[in-house]
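>>> Here is the input, now give the coordinates:
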Amino acid sequence: MPPRAARPPRCPRCNLAIHLCLCAEIPRVETRTRVLLLQHVMEVAKRSNTGRVAALALTNAKLLIHGAMVDAFDPAVLCEPGTWLLFPDGPTAPPDAPAPRQLVVLDANWSQARRMSQRLPALRTLPRLVLPPPEPGMLRLRETSHPSGMSTLDAIARAVALLEGPEAAAPLVRLAALRVQRIADCGTLN
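Purely as a prediction, here's the structure:
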């Protein structure tokens, strides 16, 4: 059996292979809503990690790691007034509720996100922002195990569009499409 080819080096910032690096294309997106990305520890090293790219683009974002014993985050940040959870299931906020000041986004695969939402008591009490299902023909690298599933970057772009308008979300939408196109053109995440 021939030896396995070495993987190309990755960009230390966006974590994609150097030939796919998006760093020069990452916009600076200002939002009123603070985005708190709660990333599952298993997502940190993944090349497909769009949560990291979203955190780089959003000026009002913070990325915290869940499940890392060394850098355990303080769950009190989830209890700040005006905090909502972006999640496809559960109790939605009342229609007359003020817009969230902070939106928690779980950056994980569907089963990890579901477990996080069940294991962190503060998340169970938050009002939910539920996105409509993705439009047919939306560019994706792969199908997800949840009917409303999409990449973290796509979900954040759609949430920003709902909360702050399509113009605010447009740079994130373009970045998500560019990422998918670049990877599809190369046929790999390596």
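>>> Dump stretch 7-20 to CSV, restricted to CA.
Listed next in CSV are the C-alpha coordinates belonging to stretch 7-20 (Å, rounded to 0.1, in the frame of the first residue of the first chain):
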residue,chain,number,x,y,z
ARG,A,7,-1.9,17.0,4.2
PRO,A,8,-1.1,20.6,3.1
PRO,A,9,-0.3,23.0,5.9
ARG,A,10,-3.2,24.9,7.4
CYS,A,11,-3.7,28.6,8.0
PRO,A,12,-3.3,29.2,11.7
ARG,A,13,-6.1,31.9,11.6
CYS,A,14,-9.0,30.4,9.6
ASN,A,15,-7.8,26.7,9.9
LEU,A,16,-8.3,25.9,6.2
ALA,A,17,-5.5,24.5,4.0
ILE,A,18,-3.2,27.4,2.9
HIS,A,19,-4.4,27.1,-0.7
LEU,A,20,-8.0,27.6,0.5
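>>> so who does the residue nearest to Met42 when sequence neighbours are not counted touch?
Leaving aside its chain neighbours, Met42 sits nearest to Gln112 (6.5 Å; criterion: CB to CB, 6 or more residues apart in numbering). Quick note: C-beta positions are derived from backbone N, CA and C, even for glycine. By CB atoms under 8 Å, 6 or more residues apart in numbering, the contact list for Gln112 reads 40, 42-43, 106.
>>> buried subset of these?
40, 43, 106 (16 or more other CB atoms under 10 Å).
>>> Sort out which one of these lies nearest Ala17 for me.
Glu43 (17.3 Å; CB to CB).
>>> Backbone dihedrals for that closest one, please?
When read as degrees, to the nearest 10, the backbone of Glu43 gives phi -90, psi -20.
>>> just the one 10 residues further on next, same as before
The phi and psi values for Val53, taken as degrees, to the nearest 10, are phi -60, psi -40.
>>> Report pLDDT for it.
Val53 is assigned 93 on the pLDDT scale.
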